[in-house]
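In: When you get a sec, could you give me coordinates for this:
(2 chains)
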Amino acid sequence: LAKTTQPISMDSYEGQEVNITCSHNNIATNDYITWYQQFPSQGPRFIIQGYKTKVTNEVASLFIPADRKSSTLSLPRVSLSDTAVYYCLVGEHSWGKLQFGAGTQVVVTP
Amino acid sequence: DGGITQSPKYLFRKEGQNVTLSCEQNLNHDAMYWYRQDPGQGLRLIYYSQIVNDFQKGDIAEGYSVSREKKESFPLTVTSAQKNPTAFYLCASFVNTGELFFGEGSRLTVL
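Out: Below is the predicted model:
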């Protein structure tokens, strides 16, 4: 299973773009990269998933370089409600051992 | 509505007691997971189950037990062997598009 490394915390102001990079040097060929958001005392919720290049949805973009050894979650124009912990998860679409890293605490201030 | 239901939301336990946390899903997902989260920490995998009547240990299974008699249900028992059980417990189911669906969690406090 690919181990992931993320920054412990990041601070931002409202309206700015936040980019969180996750390192996963031993990612396997069949692994996908999935990002989750967690608010205090709640379960994480799915944000975005990708395999290579760039994926965009209504809330975020995910950039994956050709070597796939890292990925960057981009949150455009953050608001106070984006203050949360963000987790990068790497694994196959099979039902295996899904392990989370420590996550990145993002704090957005006015 | 489809989803994951965990109960109780809050639970208090005396030392030496076993307690069982309920997790039910109506999403028709085969795989289910239990995670533990301590304050300010990430999620740690306790047990997971890929099909009925089968489950696997995660990274911190000691002091916990599970069963998977029905597809919809994956209860977690915190036994007296778990020396530091105070934590936030999260149950999830997994769909093969790669997404975990989480419940709202159960907060266990040992008195």
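In: so for stretch B:14-32, what's the average pLDDT?
Out: Here stretch B:14-32 scores 94 as its mean pLDDT.
In: how far out from the middle of the chain is it?
Out: Offset of stretch B:14-32 from its chain centre (Cα atoms, centre = their mean, to the nearest Å): 5 Å.
In: Over to the residue nearest to residue A:76 when sequence neighbours are not counted: give its phi and psi.
Out: The shortest distance from residue A:76 to any residue other than its chain neighbours is 5.3 Å, reached at residue A:17 (Cβ to Cβ, 6 or more residues apart in numbering or on different chains). All C-beta atoms are positioned from the backbone trio N, CA, C, and that covers glycine. Residue A:17 has phi and psi values of phi -90, psi 140 when expressed as degrees, to the nearest 10.
In: neighbours of residue A:17, just the number please.
Out: As a burial measure, the neighbour count of residue A:17 was computed by other Cβ atoms under 10 Å in any protein chain shown and equals 11.
In: again with residue B:81
Out: In terms of burial, residue B:81 registers 11 neighbours under the definition other Cβ under 10 Å.
In: One more: residue B:110?
Out: Taking other Cβ under 10 Å as the criterion, the count of residues near residue B:110 is 18.
In: distance of it from residue B:54?
Out: Using Cβ to Cβ, to the nearest Å, one gets 30 Å for the distance from residue B:110 to residue B:54.
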